[in-house]
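Engineer: Dropping the sequence and predicted coords here.
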Amino acid sequence: MFPRLLDDSRAYAIAGALLEGFNRHYRLFRETSAAAKQRFEQADWHGQQRAQRERIEFYDKRVEEAAERLQTEFRASSLPMDTWQQVKLHYIGLLTNHHQPECAETFFNSVTTKILHHNYFHNDFIFVRPAVSTEYIENDEPAAAPTYRAYYPTPPTLRETLLRIVHNFQLKLPFEDLDRDIDHVLEAMRRQLGDTRWRTNFQIQVLSSMFFRNKGGYIVGKIVNGFHETSFALPILHAQEGQTLAIDAVLFGEEDLLLLFSFARAYFMVDMEIPAAYVQFLRSLMPRKPRSEIYSAIGLQKQGKNLFYRDFLYHQRHSTDKFRIAPGIKGMVMLVFDLPSFPFVFKCIKDFYPPPKETTREIIQGKYQLVKTHDRVGRMADTLEYSNVAFPRARFEDALVEELLHYCPSLVEISDRDGDGQLEVILKHVYIERRMIPLNIFLQEATPEQIEHAVIEYGNAIKDLVAANIFPGDMLWKNFGVTRNGKVVFYDYDEIEYLTDCNFRKVPQPRNEEEEMSGEIWYHVGPKDVFPETFGPFLLGNASVREVFMKHHADLLDADFWNVHKQRIQAGDVHDVFPYDPHKRFVNQRAAVAVLADAAQD
């Protein structure tokens, strides 16, 4: 119920202070995102990675600042419910012409729930549903760029249009050979679109800001031809050791864009005045991707988290199946459960761990935070972290409740919060990840061709992680999952380490027969020592798996492989990891042309 009168003079001031806190947050968010273009032009890869890590922390810092201000100036935690309801109404009024209303509503929720007890979370003074529409928001300032630009080429002017699209981003470095790159793009477009007749409304729509991540910049848009739309992205990389630029590939269609915006990759840096408009455009390119994941992919992970939870509540209301213990081998550190009809898993850190595990809840949470802020290179699943989440007890299988109470008693509360006789299971801390097929289960049921692909992908996943300075720790098959498109992704982080913190060693030669025959480790092993040649017995018991692994990835069993990469990273090198198949790269096409030219001369 809303108050009949807006009669509390404090309410408007509190609403204004909250919006000032959000506006400061988004200004800083935009500044660091916009600066990604300059870092890209300067090849400041370490600065780009640092900015990506630091930007993730911006939101929580601004929430802390806003909550502290409300406590200091208004004693916010002691205000009556009626005042908070008035605060919300004033806040809605302040958002009428705001350019990021949905994010401002989420900020409001974050601050108020930090100040107030979780029993109040469902009351009328937070935004359980959005109150301000994000449809058709535009920046009306005369000098403001639109969300996207539309170009209307005719067949003879397509080359000039593509050149204009690239030039409009005003990158300060010259291209190595832009005419050559545009030729490659045109040839790829002809292969993709075929000989389709151009309709009268043929156009190319391109988002006005480039997307930056790691060592790449991306132009993102779509080709509209009558009723047919084809999404595309142009990756732009440095050439000639950072002196020039080159278009590296052209990506077409939803599948390529889904890989580019994958949940297993770091968040993009992109300068957006109106994020909802960018999300709407990107959703038209990837209709199967939830809006929550798109918000996260463009760096607004708190908004993504908020939308995910709304989607989850909506799914609960329209489903009847029960939460259960997740299928597969149970972990020693995490208790994992799922809802069969919902494509995610829920993970709680256990209160105790059997030997030989030696860890703490704080260490494990630190590992998950490391993954959140690190370059995930398409090989580590993103996680959503929640506190004080309430589930209907009636939707839980009894066996799951028993396991939660046994392994995670400090995290579980079962109560009737609303006093209506409906029990709830309240989890004080939970991680949520996209569900994948555990690799060990996949291998048990796979055909020989599928086994070969999965084992090659497994090794490639580890090598991508190594390139990004990550040692997975526990490399067992059960800690990796297979995505819908067959990609292998790592998802168990409790033993993850920076590669540069590990000491990779060869097993010493035994000095005598007694040592050689000993069933125990007779040589010294430090806390960070890793012996890659010992991985084999744990990973390669299946003969068909071993054959494929040794053919493609035997180097993973050699300490020299790991040390070479460790030394490379310590020397400051940032490795290229491409979010698209290598065969799509134009550099490979150029190499093939050069080989043919040389052969013709011979």
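Structural biologist: Noted; the coordinates are in hand. Numbering: from 1, shown residues only.

Engineer: quick one, what contacts H552?
Structural biologist: 455-456, 459 (CB atoms under 8 Å, 6 or more residues apart in numbering). Where C-beta positions appear, they are placed from N, C-alpha and C, glycine not excepted.

Engineer: which intervals of this structure have sub-threshold pLDDT?
Structural biologist: Within the chain, the ranges that satisfy pLDDT under 70 run 1-4, 117-124, 196, 515-516, 519, 590-602.

Engineer: Counting neighbours, what do you get for R310?
Structural biologist: R310 has 15 neighbouring residues, counting by other CB atoms under 10 Å.

Engineer: what helix or strand is the nearest residue to it once chain neighbours are set aside on?
Structural biologist: Residue nearest to R310 in three dimensions, not counting chain neighbours: R129, with 7.3 Å by CB to CB, 6 or more residues apart in numbering. Using DSSP states H and E, R129 is not contained in any helix or strand.

Engineer: Tell me how many other residues crowd R129.
Structural biologist: 7.

Engineer: Tell me which strands the lengthiest strand in the chain pairs with, and in which orientation.
Structural biologist: Taking DSSP state E as the criterion, the chain has its longest strand at strand 228-239. Neighbouring strands of strand 228-239 in its sheet, by DSSP bridges, are strand 216-225 (antiparallel), strand 244-247 (antiparallel), strand 251-252 (antiparallel).

Engineer: can you put those in a markdown table and add distance to R149 and mean neighbour count?
Structural biologist: Shown next, in a markdown table, are the strands paired with strand 228-239 (distance: least, CB to CB, whole Å; neighbours: other CB atoms under 10 Å):
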| stretch | distance to R149 | mean neighbour count |
| --- | --- | --- |
| strand 216-225 | 9 | 21 |
| strand 244-247 | 18 | 20 |
| strand 251-252 | 19 | 21 |
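
Engineer: Mind checking these for the one nearest to S415?
Structural biologist: Closest to S415 of the strands paired with strand 228-239 is strand 216-225 (CB to CB; 47.0 Å).

Engineer: just to revisit the earlier point, to P355, which of the strands paired with strand 228-239 lies closest?
Structural biologist: Per CB to CB, nearest to P355 of the strands paired with strand 228-239: strand 216-225, 44.5 Å.

Engineer: hey, where'd the helices end up in the stretch 251-400 of the chain?
Structural biologist: 253-260, 275-285, 291-297, 301-317, 361-373, 398-407 (DSSP state H, counting those that start in this stretch).

Engineer: right, so the ones you listed: which one is the most enclosed?
Structural biologist: helix 291-297 (a mean of 23; mean count of other CB atoms under 10 Å).

Engineer: ok, residues contacting that one?
Structural biologist: 261, 263, 265, 267-268, 275, 279, 282-283, 286, 301, 303-308, 311, 382.

Engineer: Likewise for stretch 39-46?
Structural biologist: 38, 47-48, 51, 171-173, 212, 214-215, 217, 238, 242, 572, 574.

Engineer: Filter those down to just the buried residues.
Structural biologist: In terms of neighbour count (16 or more other CB atoms under 10 Å), the buried residues within the contacts of stretch 39-46 are 48, 51, 171, 173, 212, 214-215, 217, 238, 574.

Engineer: Run a quick neighbour tally on Y152.
Structural biologist: Y152, neighbours per other CB under 10 Å, totals 12.

Engineer: can you check V111 too?
Structural biologist: 26.

Engineer: Now do the strand or helix carrying it and helix 275-285, the angle between them.
Structural biologist: In the assignment (DSSP H and E), V111 maps to helix 101-115. Inter-element angle recorded for helix 101-115 and helix 275-285: 120 degrees (by axes from the mean of the first three to the mean of the last three CA atoms, to 10 degrees).

Engineer: Beyond helix 101-115, next helix or strand please.
Structural biologist: Using DSSP H and E, the helix or strand that directly follows helix 101-115 along the chain is strand 148-151.

Engineer: Okay, domains of this structure per the record?
Structural biologist: 9-120, 148-300, 324-434, 440-571 (automatic domain parsing).

Engineer: nearest to P582, of those domains?
Structural biologist: Among the domains of the chain, domain 148-300 sits nearest to P582 (CB to CB), with 9.2 Å.

Engineer: for the closest one, how far is the first residue from the last?
Structural biologist: Counting by CA to CA, to the nearest Å, you get 19 Å between the two ends of domain 148-300.

Engineer: again, but for stretch 380-392
Structural biologist: End-to-end for stretch 380-392, by CA to CA: 31 Å.

Engineer: quick one on the thing from earlier: the contacts of stretch 39-46: which two are farthest apart?
Structural biologist: Largest pairwise distance in the contacts of stretch 39-46, by CB to CB, is 24.2 Å, between L171 and G572.

Engineer: Tell me the one of the contacts of H552 nearest P155?
Structural biologist: Closest to P155, out of all of those and judged by CB to CB, is I456, at 41.8 Å.

Engineer: Isn't that closest one up against M550?
Structural biologist: No. With contact defined as CB atoms under 8 Å, I456 does not reach M550; the gap is 11.8 Å.

Engineer: where along the stretch 501-602 of the chain do the helices fall?
Structural biologist: Along the stretch 501-602 of the chain, the segments classed as helices by DSSP H, counting those that start in this stretch run 513-517, 536-539, 543-553, 559-570, 586-601.

Engineer: how about TSV for those, with distance to T230 added?
Structural biologist: Output for those, formatted as TSV (distance: least, CB to CB, whole Å):
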stretch	distance to T230
helix 513-517	64
helix 536-539	42
helix 543-553	34
helix 559-570	38
helix 586-601	19
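
Engineer: quick one, what contacts K367?
Structural biologist: By CB under 8 Å, 6+ apart, the neighbours of K367 are 493-496.

Engineer: And the buried ones among those residues, selectable in ChimeraX?
Structural biologist: Written as a ChimeraX command, the selection of buried residues from the contacts of K367, which uses 16+ other CB under 10 Å, is:
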select :493,494,495,496
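
Engineer: Out of the contacts of K367, the closest to Y407 would be?
Structural biologist: D494 (14.2 Å).

Engineer: hmm, back to that, how close does the residue nearest to R310 get to R434?
Structural biologist: Distance of R129 to R434, computed by CB to CB, to the nearest Å: 24 Å.

Engineer: just K357 next, same as before
Structural biologist: Taking CB to CB, one finds K357 at 25 Å from R434.

Engineer: got it, and L404?
Structural biologist: 22 Å.

Engineer: and if you look at D398?
Structural biologist: Applying CB to CB to D398 and R434 gives a distance of 27 Å.

Engineer: picking that back up, hmm, who's touching the longest strand of the chain?
Structural biologist: 43, 166, 171, 173, 176, 185, 192-193, 196, 210, 215-223, 244-254, 256-257, 260, 284-286, 576, 578, 580.

Engineer: show me the contacts for E457.
Structural biologist: E457 touches 482, 486-488, counting by CB under 8 Å, 6+ apart.

Engineer: so where do the strands sit in the stretch 401-550 of the chain?
Structural biologist: Applying DSSP state E, counting those that start in this stretch to the stretch 401-550 of the chain gives strands spanning 412-415, 424-427, 430-434, 437-438, 470-471, 480-482, 488-490, 497-498, 503-504, 529-530.

Engineer: got the buried residues for the first one?
Structural biologist: Of the residues in strand 412-415, those with enough neighbours to count as buried (16+ other CB under 10 Å) are V412.

Engineer: And the contacts of it?
Structural biologist: 393, 401, 404-405, 423-428.

Engineer: make it 10 Å
Structural biologist: By CB atoms under 10 Å, 6 or more residues apart in numbering, the residues outside strand 412-415 that reach it are 119, 348, 351, 388, 390, 393, 396, 401, 404-406, 423-428.

Engineer: ChimeraX command to pick out the buried ones of these?
Structural biologist: The following ChimeraX line selects those of these that are buried, judged by 16+ other CB under 10 Å:
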select :348,390,393,396,401,404,424,425,426,427
